[in-house]
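*Asks:* no FASTA, just this:
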């Protein structure tokens, strides 16, 4: 794998490849040079190591929108459930969701084993400004206290 | 269950239409109001929702504690969580509470918690036994100085109910109409602090103020079906929409929806206020009115985010000066 940055989640080393960009709701966006978009660049979007670490074993993934749907930022697009957590999924930016990784619908566990590769979630076209790996690490550093508090708050 | 309970001499059983959908003058509600002693209500609603729907319709009492309020199936439900649940069950210290609460218990039990009817029958039996010990109190009350109409109500609830039916204040046919599905907020006064943010936020005239200056759901049927925006804005989570899919809005205890961690915030969920503003705008536009965004009804909340400064003190001080 190419170069990567590391963020320590307690004892856990979360790794972030520098060959792609990120967004503040903990997804990576990797440019898909094979695809040409009409309204912006096309990216493969997936969970970062940070997301996967918090989710743990994913066993359910469902999309609530159709392929080729225009979405606005923070629009609800699907749901995910793991052994420890559940979450609604939201569009990272305004853009267009082109298609979904069909293989995951049968077996979402690839999200855990190969999130940065075959575990990608959907192809997304957007012209929004993304976060560089360094900027994303900064988001993680700034949010880590709050994230821990949120999780502990729910456990109490 | 009803068939099993009919044969129990200690209990009177009645089936009524859905609590939430009945209007206050529906015969089902009139009957329930005529019940003089402890009431045990089984419904497919969270206990908080049932309790405050009944309160609103004048069926009041102290909160009866059922041992069934949490499903035993949750194996991971350890003692710490149980304690936390107890904490969150307890009413808010600033809650304004109900008014004119008679000395009796109202038990609300959620039929969705268990699949086995025996669990409920056993619990009803337990509560009935517990109460039969206390009938001494009830007898003292009768031997005390009850007003004649109270005595009548205790001795002959059915007769009084019949009288209410024929007193001409309602149309019997209307009361027998099939109950329509309804949608309106129910206020949990144990949590409500009467801050009136809901009154400011709702632009459809649902909320009002009663004679005691307490918040009141004045026009239930002005509420927009499916819209729970005021519940999201309420700082105390005191507004219940029993039919909403989100447990926290439908009246589940506490703030936790399940045993799993909800990571939605992390993955970009908009804040409750953002959602509420959007929901309200959708309903405004549907009514042919203009969307207002966050410009109306949120002033108090926004003001609170800034710490008080000297100017605030100065301005508030002006009110104290008798000019």
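*Replies:* That came through, no problem. Since the model is a prediction, treat every value here as computed from it, not as a measurement.
*Asks:* contacts, neighbours, all on C-alpha from now
*Replies:* OK.
*Asks:* how far away is the residue nearest in space to the middle of chain A from residue B:123?
*Replies:* Computing the C-alpha centroid of chain A and ranking residues by CA atoms, centre = their mean puts residue A:27 first, at 2.4 Å. Taking CA to CA, to the nearest Å as the criterion, residue A:27 is separated from residue B:123 by 49 Å.
*Asks:* rewinding a little: contacts only, for the closest residue to the residue nearest to the centre of chain A other than its chain neighbours.
*Replies:* Nearest non-adjacent residue to residue A:27, counting by CA to CA, 6 or more residues apart in numbering or on different chains: residue A:47, 4.6 Å away. Residues near residue A:47 by CA atoms under 8 Å, 6 or more residues apart in numbering or on different chains: A:26-28, A:111, A:115-116, A:120-121.
*Asks:* how close does residue B:11 get to chain A?
*Replies:* Taking CA to the nearest CA, to the nearest Å as the criterion, residue B:11 is separated from chain A by 39 Å.
*Asks:* wait, doesn't that residue sit right on residue B:126?
*Replies:* No: counting by CA atoms under 8 Å, residue B:11 sits too far from residue B:126 to count as a contact (11.8 Å).
*Asks:* kindly list the longest helix within chain B.
*Replies:* In chain B, with assignment by DSSP state H, the single longest helix is helix B:117-133.
*Asks:* pull out the buried positions in that one.
*Replies:* Going by neighbour count (16 or more other CA atoms under 10 Å in any protein chain shown), the buried part of helix B:117-133 is B:120, B:124, B:127-128, B:131.
*Asks:* what parts of chain A come near chain B?
*Replies:* A:24-26, A:74, A:83-92, A:147, A:151, A:154-156 (CA under 8 Å from any CA of the partner chain).
*Asks:* within reach of chain A, which of the buried residues of helix B:117-133 are there?
*Replies:* Among the buried residues of helix B:117-133, no residue is within reach of chain A (CA under 8 Å from any CA).
*Asks:* list the helices and strands the lengthiest helix in chain A packs on?
*Replies:* Ranked by residue count and defined by DSSP H, the top helix of chain A is helix A:133-155. Judged by 3 or more CA pairs under 8 Å, 6 or more residues apart in numbering or on different chains; DSSP states H and E, helix A:133-155 is in contact with strand A:4-9, strand A:21-23, strand B:261-262.
*Asks:* off-centre distance for it?
*Replies:* 15 Å (CA atoms, centre = their mean, to the nearest Å).
*Asks:* quickly find the element holding the closest residue to residue B:294 other than its chain neighbours.
*Replies:* Once flanking residues are discounted, residue B:294 sits nearest to residue B:277: 6.0 Å by CA to CA, 6+ apart. Using DSSP states H and E, residue B:277 falls within helix B:272-286.
*Asks:* could you list every helix and strand in contact with the longest helix of chain B?
*Replies:* Secondary elements touching helix B:117-133 (3+ CA pairs under 8 Å, 6+ apart): none.
*Asks:* re the thing from before, ok, of the contacts of residue A:47, which one's closest to chain B?
*Replies:* For these, the minimum distance to chain B (CA to the nearest CA) is 6.4 Å, reached by residue A:26.
*Asks:* re the thing from before, neighbour-wise, which of the contacts of residue A:47 leads?
*Replies:* Of all the contacts of residue A:47, the highest neighbour tally under other CA atoms under 10 Å in any protein chain shown goes to residue A:28, namely 29 neighbours.
*Asks:* SS state for that residue?
*Replies:* strand (DSSP: H, G, I helix; E, B strand; the rest coil).
*Asks:* residues contacting it?
*Replies:* So residue A:28 contacts A:20-22, A:45-48 (CA under 8 Å, 6+ apart).
*Asks:* which among those residues gets closest to chain B?
*Replies:* Using CA to the nearest CA, those come closest to chain B at residue A:47, 9.8 Å.
*Asks:* ramachandran angles for the closest one?
*Replies:* The phi/psi pair for residue A:47 (degrees, to the nearest 10) reads phi -80, psi 140.
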